[in-house]
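>>> Quick one, fold the following:
(one chain, ligands or ions: 1)
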Amino acid sequence: MKKKITILDVQKMKDNGEKIAMLTCYDYPSARIMDECGLDILLVGDSVGVVVSGCDNTLPVTMEEIIYHTRAVARAKPKSLLVADMPFLSYQTDLREARLNAGRLVRDGGAEAVKLEGGENFTDCIKAIVDMDIPVMAHIGLTPQSIHRMGGYRVQGKSEEAGEKLLADAVAIQRAGAFSVVLEGIPRTLGRQITAELSIPTIGIGAGEYCDGQVLVIHDILGLCEKYSPKFVKRYADVKAVMSEAVRRYAAEVKAGEFPAEEHSFS
Ligand code: KIV
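Model (predicted):
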């Protein structure tokens with residue numbers, strides 16, 4: 001039986017050169033299935049706003065929504081480490097608010113760690129949360145909550161200067177006590193450089209093969225969300241086709257009077 005994964009195991013995996021597999025997860029039945037598939041980390045990402053709730057970006061996602069989805073995933077009692085995203089405005093305004101909201105994700109949601117977007121300018125926030133004994137996963141590079149500053153979802157760290165800034169961010173995050181860092185949308189050579197420089201694990205999404213681990217959005221790998229199709233996504237299944245076929249057959253059978261049959265009825 002799979003053993004419970006903690007942040008200590010995630011660190012050991014980096015130390016032993018073992019790759020870390022992480023996916024987003026937002027609900028109970030998916031968590032039950034996904035937890036038996038060899039993953040190390042489940043992330044209740046604020047991407048839930050886009051792929052589940054239909055928002056244009058992650059900015060409208062609230063604490064209540066993340067807590068709701070984290071609680072649903074936690075009910076599956078996953079052996080994978082359960083990380084919850086801190087949504088926009090839940091940690092940027094002041095440290096007290098950040099601590100309180102990180103605590104709510106743990107107390108009310110059942111998260112075992114929190115993730116927040118930001119580099120050097122968020123080290124006080126990371127320290128404040130880590131000081132409460134809540135593990136923090138940082139997130140730098142293409143940070144979706146900064147969509148308006150970036151002018152869209154664009155690869156970050158392409159120039160030498162921008163790459164150096166991201167490396168400095170990563171080092172500062174590690175010094176602040178984060179247990180890992182997501183590197184999103186950066187050149188693979190920069191992903192390699194940051195991964196080599198840090199002693200904590202890097203988890204890449206569009207950051208190349210040298211990262212210590214990889215993360216993708218579950219709806220993207222299952223072919224369930226066609227809104228955006230970034231280059232870094234690999235589709236592993238066409239669940240949309242399977243779902244459409246099942247729903248079409250159901251609708252056709254209802255209209256033809258073929259469902260319910262006798263075996264689906266009470267006498
Ligand atoms: O919200 C999210 O899903 C994420 C990951 C894709 C890193 O932040």
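>>> C-alpha only now, for contacts and for neighbours.
OK.
>>> What's the mean pLDDT across the host helix or strand of Gln11?
According to DSSP states H and E, Gln11 maps onto helix 7-15. Averaged over helix 7-15, pLDDT sits at 98.
>>> Grab the nearest non-local neighbour of the residue of the chain found nearest the ligand.
The nearest approach of the chain to the ligand comes at Gly45, 3.3 Å away (C-alpha to the nearest ligand atom). Among residues not flanking Gly45 along the chain, Asp85 sits closest, at 5.0 Å (C-alpha to C-alpha, 6 or more residues apart in numbering).
>>> and if you look at Leu224?
Leaving out its chain neighbours, Leu224 is closest to Lys240 (C-alpha to C-alpha, 6+ apart), at 5.4 Å.
>>> For Leu216, list the residues it contacts.
Taking C-alpha atoms under 8 Å, 6 or more residues apart in numbering, we find Leu216 in contact with Met22, Leu23, Thr24, Ile205, Val233.
>>> could you redo the last one with a cut-off of 10 Å?
By C-alpha atoms under 10 Å, 6 or more residues apart in numbering, the contact list for Leu216 reads Ala21, Met22, Leu23, Thr24, Leu43, Ile203, Gly204, Ile205, Gly206, Phe232, Val233, Lys234.
>>> again with Val171
Gly119, Glu120, Lys165, Ile194, Glu197, Leu198, Ser199, Ile200.
>>> So the residue nearest to Leu224: helix, strand or coil?
helix (DSSP: H, G, I helix; E, B strand; the rest coil).
>>> Make sure it is actually in contact with Arg248.
No - if you go by C-alpha atoms under 10 Å, Lys240 and Arg248 don't touch, sitting 11.9 Å apart.
>>> who has more neighbours, the two?
A count of neighbours by other C-alpha atoms under 10 Å puts Lys240 above the other of Lys240 and Arg248, at 15 against 11.
>>> And the helices in the stretch 151-267 of the chain, which stretches?
160-176, 188-197, 218-221, 239-255 (DSSP state H, counting those that start in this stretch).
>>> and the protein, which of its residues are near the ligand?
Thr24, Gly45, Asp46, Ser47, Leu216, Val217 (C-alpha under 6 Å from any ligand atom).
>>> In strands, which of those residues fall?
In strands, judged by DSSP state E, the following of those are found: Thr24, Leu216.
>>> Neighbours of the residue of the chain closest to the ligand, how many?
Neighbours around Gly45, by other C-alpha under 10 Å: 24.
>>> Repeat that for Gly119.
For Gly119, using other C-alpha under 10 Å, the count is 23.
>>> before we move on, back to that, show me what the residue nearest to Gly45 bridges to in the sheet.
Taking DSSP bridges as the rule, Asp85 bridges to Lys115.
>>> Would you quantify the distance from it to Ala251?
Asp85 sits 38 Å away from Ala251 when distances are taken as C-alpha to C-alpha, to the nearest Å.
>>> quick one, which of those two is more surrounded?
Taking neighbours as other C-alpha under 10 Å, Asp85 and Ala251 compare with Asp85 leading, 28 against 12.
>>> Just confirm the more buried one contacts Cys25, I think it does.
No - counting by C-alpha under 10 Å, Asp85 sits too far from Cys25 to count as a contact (11.3 Å).
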